[in-house]
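Participant: Next one to model:
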Amino acid sequence: MVTHESEIKSNPVYPEGGSGITKQILAGPRDGYNGFLRKFSLKGGGHSPYHHHNWSHLVYVLEGSGKLNQKDGEYPLKQGSVVYLPPNEEHNFQNTGEGELVFLCLVPEQGDSY
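Facilitator: All right, here's what the predicted structure looks like:
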């Protein structure tokens, strides 16, 4: 499988409790990958709702600045930041900059759907 992100539709997500977020599924089970590689973009001031999952996920920040909020504190995010979130860890992502906060997120197959 070879594709380009410009060929993949971006969709708004988190209509309740979130703001200014779009998601692209860059690769997943349809492509032969047994999980999902997703790209999230948060507009300036955008944020996800506080939430948790039954699975872990791994995040890599491509551009922008923001923070990860968890029960035990806030963690700054910038280009190159890597985040591991274990299962059932309540969290949210927040864009604290003026430009977009863009990150990749890997989750197992049960972590998303088309």
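Participant: Only C-alpha atoms from now on, for both contacts and neighbour counts.
Facilitator: Will do.
Participant: Mind giving me the packing neighbours of the helix or strand of the chain with the lowest mean pLDDT?
Facilitator: Within the chain, no helix or strand scores below strand 11-12, which has a mean of 93 by mean pLDDT, DSSP states H and E. Helices and strands touching strand 11-12, by 3 or more Cα pairs under 8 Å, 6 or more residues apart in numbering; DSSP states H and E, are strand 19-27.
Participant: how many degrees apart are the following helix or strand past the strand it packs on and strand 19-27 in direction?
Facilitator: Next along the chain after strand 19-27, taking DSSP states H and E as the criterion, comes strand 35-47. Per axes from the mean of the first three to the mean of the last three Cα atoms, to 10 degrees, the angle that strand 35-47 makes with strand 19-27 is 170 degrees.
Participant: and the nearest residue in space to residue 79 that is not next to it in sequence, what does it touch?
Facilitator: Among residues not flanking residue 79 along the chain, residue 63 sits closest, at 4.7 Å (Cα to Cα, 6 or more residues apart in numbering). By Cα atoms under 8 Å, 6 or more residues apart in numbering, residue 63 lies in contact with 78, 79, 80, 100, 101, 102, 103.
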